[in-house]
Structure formats: C-alpha cells, structure tokens
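*Asks:* Kindly generate the corresponding structure for this input.
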Amino acid sequence: MPFKGGREIYRLYSDTITSIIPNIFFCLYPNHRCLNFMTEQRDDFDPKAYNPEFERHFLAPKYWGTWLGVVLSLPLAILPLRAQQWLAKTIAKKLAKSHKGPAHRARVNFELCFPEKTFAEREALIEKTLYTAALFFFRFSLLSLRSPKWLQQRCQIRGLDILQQHIDNNENVILMVPHSWAIDIPAILLASMGMPVSAMAKKQKNEVADWLMHRQRVQYGGRVYERSGGIKPFLKSIRDGYIGYYLPDQDHGPEHSVFVDFFATRKATLPGLGKIAKLSRAKVLPMFASMNTEDGSFDIEILPAFELDQGEEQDARTCNQAIEYFVESKPEQYMWVLQLLHSQEDRNNYYHLFKQRYTTDWQVDK
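*Replies:* Take a look at the predicted model:
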C-alpha cells in the first residue's frame, strides 16, 4: 500500500519507534520491575527448558555482523509492503539463477518430488519460493516490533474451533507443523491468545542469533526444549497442558527414520509421532501456516485430529500425506531450500550428484 502523505509516514515510524524501545529493553533486562506496566508475562519458566540469557560476550567483534543485520532488519521491516515486495522480487530473481545454495537444493527437491513438471515450471517455482521467503524475512521483525493485537488482526485461522474444543475438553494436543516459511507464526499467535506452546529446537551456532530468536518465540509465553536434552521434558510439558509443537519433516538420517512415500519420491521420515502422542496422551492435529504475499497477512489452517496407531511406517506416511495436502496448493510456502531428501535408500546424495547435471545438461540462464 503506498504512502498517503506525511501523516502516514509519521504514524508508521512513530508507532514503530515506540514499540522498538520496550522490546529492546525487555531483551536486555527481562526481569526489570519497570516492565510490569508494559506486559503481563506468563510464568512459563522450567529449569529443564532452554532458557538462554544475554551474555556480555554477545557484544564481542565476532558478533558485530549479526548485530548489524539486526539493525538493518528494523528499517526493512517497517518499509511499505510494496517496497518490500519489490526488494523480495529482485532478490528472488537473482538467487533463483544460482547453481548452489538454496536454489540448488530447491531444484533437486522439485525434480524428485514433481517430475511431471517441466524444467521451466520448476524454475519458476524456485523463484516464487525464494520470493515468499525473502518477503517473510523482511517482515519477520514486526513480530517483535508490533503488539499482540497487530499480529492477531493479521492472522486468519481456519479450524481454531477444532483446537479450542480439545482444550475445552481438557485434552492434551500436539500440533504437527510442517516447515513453512511462516512456521513460527502460529506458536507466537497462540501464546498471545493465552494458549502457549511447547517445542523442541536445536541450538543455533550463532549465540546472538539463537538468543534473539528464542526471545521472539517466547515473548508471549511458552517453552522451548533443546533437542539434545531428550524428549521427556517435552512430553511432560504436554501433559501439563502446553500445546505440543512437533516438526515432522526434517531429515534426521536413516538410522532414526523410515522411508515412506513423499510426493513422487520417498523420504526419510521420523516415525515416532504416534509414540509421542501415546506417551503424552495427546491428540495430534495437523497445522500449516502460510503468508499471503499480496497483503502480508498470515493464513493458518488446522485439521481435525488423526489417529496414529497403524505402525511406524503407516504413521510416517500419514504425516507425509498431511504435508502433501497442505503444500500441494501452495508449494511456494514450503521450505524446499532444506536438504529434505538428503538420506536416500540407495545411499546416493542427489544434492551432490545433480550439481554437474544442472550446469551441463540443463543450462540455467545467468
């Protein structure tokens, strides 16, 4: 939406500045008493959860690049949507022509999953995927710069009544959430609505980025458990009433997976969700979050609970079918840039094998 004169510019920037100050202060001094008037924070502390704190060495020169990125992300976040769209489109066009990195991984994933599409169709889908990613990252900082009300007004949730009914019935719930670009949105939104989630995550190598990401994820409540600490604390949190947040589609290697159908190929898929649901006495509801690239809003869809008691392979296939349902109509919303298909039954690494293929047999325009 274009600017409507000086008043609109002043309102946009003044609103953002007034929200930046308390958020930065909250990050640096989360327990300071002067913050009591700003927000009512849930007491979600669990000593077994992942609770990183700000450290002085975060200001060391090795992290200056990260802090610079944070500073630059703020003005990018408050740009008009049309300016963000133009920048995202420019970046996506450039990245989509790359023979390595995210574009290459997406290219391999698309060929294996959608062989019926022409090469040109898959190349167009790569650009659309990277455009969605860039636009989302431009707007991601708004989750901390804006209020809970702002987020709630920009989210459309289909199936919230399904989730609410389980909660009203005092039933434990696990949300099965595929890796879309907007994957963090539902967790933050639900916490802002008084329904905090509990998730497992891997600690990032960059400590500053890890700390900032954690602060944003739990700004309205909830818990995050470090994956290396085991699954028991996560299970207990679900039994204690937190909504479980389960990511089903990362490749954790063949030793931890079963190979089942995924679109037109087969994927190493974690088989344990049925067991997790049983141990936590929870219902499993598939959920998918996407961003509307036309207006910057978010769409969240929650499906009815499905049963996971048919054995590991069938349960894994059931999870993949849910992902296929969500992704088929909006493939650009999914994180195809991940090495989703790194583990193969034939032990081949297609991300390596296909490198030469795309620079010789299928020349990509530069």
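
*Asks:* was I right about F326 contacting I300?
*Replies:* No. F326 lies out of contact with I300 (C-beta atoms under 8 Å); the separation is 10.8 Å. Placement of C-beta: from N, CA and C, glycine included.

*Asks:* all strands of the stretch 51-200 of the chain, in order?
*Replies:* 155-158, 172-176, 197-201 (DSSP state E, counting those that start in this stretch).

*Asks:* Which one of these lies nearest to A289?
*Replies:* Nearest of the strands of the stretch 51-200 of the chain to A289, taken as C-beta to C-beta: strand 155-158 at 8.7 Å.

*Asks:* who touches the closest one?
*Replies:* 185, 189, 297-302 (C-beta atoms under 8 Å, 6 or more residues apart in numbering).

*Asks:* Which of these sits closest to L279?
*Replies:* Relative to L279, the closest of the contacts of strand 155-158 is I302; by C-beta to C-beta it sits at 22.4 Å.

*Asks:* got the contact list for that closest one?
*Replies:* So I302 contacts 157-160, 162-163, 175, 285-287 (C-beta under 8 Å, 6+ apart).

*Asks:* roughly how far apart are N109 and L81?
*Replies:* Separation of N109 from L81 (C-beta to C-beta, to the nearest Å) stands at 29 Å.

*Asks:* More neighbours: those two, which one.
*Replies:* Using other C-beta atoms under 10 Å, the more surrounded residue of N109 and L81 is N109, with 27 against 16.

*Asks:* tell me the SS of the closest residue to that one other than its chain neighbours?
*Replies:* Spatial nearest neighbour of N109, excluding adjacent residues (C-beta to C-beta, 6 or more residues apart in numbering): W336 at 4.8 Å. Counting by DSSP: H, G, I helix; E, B strand; the rest coil, the backbone at W336 sits in coil.

*Asks:* so where's the stretch 151-300 of the chain shaky on pLDDT?
*Replies:* Nowhere does the stretch 151-300 of the chain drop to pLDDT under 70.

*Asks:* contacting residues for the most centrally placed residue in the chain?
*Replies:* Residue closest to the mean C-alpha point of the chain, counted by C-alpha atoms, centre = their mean, is I183 at 2.7 Å. I183 makes contacts with 177, 247, 289, 335, as judged by C-beta under 8 Å, 6+ apart.

*Asks:* switch to 10 Å and redo it
*Replies:* The neighbourhood of I183, defined by C-beta atoms under 10 Å, 6 or more residues apart in numbering, consists of 136, 177, 245, 247, 287-290, 333-335.

*Asks:* Report the inter-axis angle for the lengthiest strand in the chain versus strand 172-176.
*Replies:* Longest strand of the chain, by residue count under DSSP state E: strand 282-291. Per axes from the mean of the first three to the mean of the last three C-alpha atoms, to 10 degrees, the angle that strand 282-291 makes with strand 172-176 is 40 degrees.

*Asks:* picking that back up, narrow the contacts of strand 155-158 to those that are buried.
*Replies:* Among those, those classed as buried by 16 or more other C-beta atoms under 10 Å are 185, 189, 298-302.

*Asks:* Which member of those residues is positioned nearest F140?
*Replies:* The nearest member of the buried ones among the contacts of strand 155-158 to F140, counting by C-beta to C-beta, is I185 at 9.4 Å.

*Asks:* ok, now which ones touch the closest one?
*Replies:* Under the criterion of C-beta under 10 Å, 6+ apart, the neighbours of I185 are 136, 140, 143, 151, 154-155, 289-291, 298-300.

*Asks:* now it: how far from F136?
*Replies:* 9 Å.

*Asks:* between these two, what contacts are shared?
*Replies:* With C-beta under 10 Å, 6+ apart, I185 and F136 have common neighbours 290-291, 298.

*Asks:* how about CSV for the residues you listed, with distance to W67 added?
*Replies:* Below are these laid out as CSV (distance: C-beta to C-beta, whole Å):
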residue, distance to W67
S290, 31
M291, 26
F298, 28
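
*Asks:* between those residues, which is nearest G69?
*Replies:* Taking C-beta to C-beta as the measure, G69 lies nearest M291 of these, at 20.7 Å.

*Asks:* wait, the closest one sits on T129?
*Replies:* No. The criterion here is C-beta atoms under 10 Å, and M291 misses it with T129 at 12.0 Å.

*Asks:* The two: which is more packed in?
*Replies:* Using other C-beta under 10 Å as the criterion, M291 and T129 rank with T129 on top: 26 against 23.

*Asks:* re the thing from before, out of the contacts of I183, which end up buried?
*Replies:* The neighbour-count criterion (16+ other C-beta under 10 Å) marks 136, 177, 245, 287-290, 333-335 among the contacts of I183 as buried.

*Asks:* can you put those in JSON lines and add distance to K275?
*Replies:* Shown next, in JSON lines, are these (distance: C-beta to C-beta, whole Å):
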{"residue": "F136", "distance to K275": "33"}
{"residue": "V177", "distance to K275": "18"}
{"residue": "Y245", "distance to K275": "17"}
{"residue": "M287", "distance to K275": "20"}
{"residue": "F288", "distance to K275": "23"}
{"residue": "A289", "distance to K275": "25"}
{"residue": "S290", "distance to K275": "29"}
{"residue": "Q333", "distance to K275": "29"}
{"residue": "Y334", "distance to K275": "26"}
{"residue": "M335", "distance to K275": "25"}
